[in-house]
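Asker: give me coordinates for this.
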Amino acid sequence: MAGAVWSIRAQKAALHAEQKKHSVLLTTARDEERRSSQHAVSLLIRTFLAERQLSYSALADAHATYAGKPMHSKARITRTPSAMAISYIDGDRQGLTAGYNQRWMWRQKNGAPLEAYAEMAPEAASVVARRLSLMLENYSITRQPSGYIDGRPVEKLAIRPVSPVDGAKGPGKYLSVDKATGLTLETETFDHQWQRTMKSTLSQLDLSPRITEATFASPETMSEAAKRKTWMAHDMGHDRADVARVTGWQPPEPKYLPPGFAFDSVAVHRCNDGSTTSSGVKNRTVAAMTRYTDGLNTLSVFALSEPTGTDGSPEEVCDFGPGTLISRRDNGGFVIAVADLPATTLRKVANATSPQRATK
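Answerer: Residues are numbered from 1 along each chain as shown. So this is what the prediction gives:
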């Protein structure tokens, strides 16, 4: 009997010791996981700041899939905190130059006249902070095995949704961040099905680039170019009244949004429709747009009139951006929802949106 009692006590003591050991190991693992998570978030914040504070030039090699078509290009990039110039030197976009300077985005093809492409609202620090905050709420940021890009040591991050919508696994990204500067040297982008849609790698990094007056198109040059040809997009921040005045439509307000999405901005979106004026100039369809974000993914909702001179399909005359697109007629106009989300989710957004004419 005494032996049996001793055996039971010994077993309890052994189990208690194992439990204590496991508890210590679990606590240590949790501490390490917590430290790793904190480091990953700090690294993400660092790369956000580096992209907005440093000047550099580099060679970019990009492989992408757009509208189901594989594309490859090489470009020379020069960037400052307020401007960027991209000169495509090889691949599908060879001969194209593009970039932005302060609020204006521009592009130029094989020596043709410079074209002002979009006018953006100033990116306030509070807007950047809000987008980063949304990303940290909706996505997990984890460290991956480190490595090298073009001989430079990098730390790698994986960005994945915490709770993907039904039918989705993404979207997400892998970032390879330069240890010395915080710049992202490689980006892999994955869609909502977790299919890779782009891989872009920077090499030949130069942190003291030669910048002259000719490096970037000046804001004055772009403003003059915009007078010759109406640009596509005009971001207006929170100015809903101005969007309504220009487009004739109120910026759409869906009564349903996917979890995690919040209001970002409103804008005017322009595109050629299928008709022309008596002088042969193409008419332009003008849409009111509201943009929402979850910190990484962007949901754009458009309200516009039915294009003329076509079969009535807005997709035939306008580029509404990458992602899944759902459209429907309602209230004498069109609603279009675009995002990297399953069609069933976007259909809920479109069905919960009614285009409203601007009141005079």
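
Asker: buried sites along stretch 88-99?
Answerer: Buried residues in stretch 88-99, counted by 16 or more other CB atoms under 10 Å: 88, 93, 96-99. To be clear about C-beta, it is placed using only N, CA and C from the backbone, and glycine gets the same treatment.

Asker: turn those residues into a markdown table, columns for distance to Ala168 and secondary structure.
Answerer: Shown next, in a markdown table, are the buried residues of stretch 88-99 (distance: CB to CB, whole Å; DSSP: H, G, I helix; E, B strand; the rest coil):
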| residue | distance to Ala168 | secondary structure |
| --- | --- | --- |
| Tyr88 | 32 | strand |
| Arg93 | 30 | coil |
| Leu96 | 33 | strand |
| Thr97 | 36 | strand |
| Ala98 | 31 | strand |
| Gly99 | 33 | strand |
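
Asker: now, which of these sits nearest Thr353?
Answerer: Nearest to Thr353 among these is Ala98, at 31.9 Å by CB to CB.

Asker: and the nearest residue to Leu257 once chain neighbours are set aside, bridged to which residues?
Answerer: Take Leu257 and drop its neighbours on the chain: the residue closest to it by CB to CB, 6 or more residues apart in numbering is Tyr292, 6.1 Å away. For Tyr292, the beta-bridge partners are Phe263, Leu299 (DSSP bridges).

Asker: so what's Ala60 bridging to?
Answerer: Bridge pairing for Ala60 - DSSP bridges - gives Ala75, Leu202.

Asker: so where's the stretch 51-200 of the chain uncertain?
Answerer: Applying pLDDT under 70 to the stretch 51-200 of the chain picks out residues 123-125.

Asker: pretty sure Ile159 contacts Asn297?
Answerer: No. Contact status for Ile159 versus Asn297: not in contact, 10.8 Å apart, counting by CB atoms under 8 Å.

Asker: quick one: which of those two has more around it?
Answerer: Neighbour tally, Ile159 and Asn297, criterion other CB atoms under 10 Å: the higher count belongs to Asn297, 26 against 22.

Asker: the buried residues of stretch 88-99: which two are farthest apart?
Answerer: Arg93 and Gly99 (13.1 Å).

Asker: could you chop this protein up by domain?
Answerer: Following automatic domain parsing, the chain resolves into domains at 52-206, 232-351.

Asker: highest mean neighbour count out of these?
Answerer: Burial of those is given as mean neighbour count (mean count of other CB atoms under 10 Å); domain 232-351 ranks first at a mean of 19.

Asker: start to end distance for it?
Answerer: 26 Å (CA to CA, to the nearest Å).

Asker: so where do the strands sit in the stretch 1-150 of the chain?
Answerer: 56-66, 69-80, 83-91, 96-101, 104-109, 115-119, 139-149 (DSSP state E, counting those that start in this stretch).

Asker: all helices of this structure, in order?
Answerer: In the chain, the helices defined using DSSP state H lie at 2-53, 125-138, 219-228, 240-247, 343-351.

Asker: the second one vs strand 139-149, what angle?
Answerer: The directions of helix 125-138 and strand 139-149 differ by 100 degrees, with axes from the mean of the first three to the mean of the last three CA atoms, to 10 degrees as the criterion.

Asker: from the contact counts, what lies against helix 125-138?
Answerer: Here helix 125-138 touches helix 2-53, strand 262-276, going by 3 or more CB pairs under 8 Å, 6 or more residues apart in numbering; DSSP states H and E.

Asker: now do the fourth one
Answerer: For helix 240-247, the elements it packs on are strand 262-276, strand 282-293, judged by 3+ CB pairs under 8 Å, 6+ apart.

Asker: angle of that helix against strand 282-293?
Answerer: 160 degrees.

Asker: what residues does helix 240-247 touch?
Answerer: Under the contact criterion CB atoms under 8 Å, 6 or more residues apart in numbering, helix 240-247 has outside partners 234, 236, 249-251, 266-268, 286-289, 303-304, 358-359.

Asker: got the contact list for the closest residue to Trp194 other than its chain neighbours?
Answerer: In space, and not counting its chain neighbours, Trp194 is closest to Lys169: 4.0 Å by CB to CB, 6+ apart. Lys169 is in contact with 192-194, counting by CB under 8 Å, 6+ apart.
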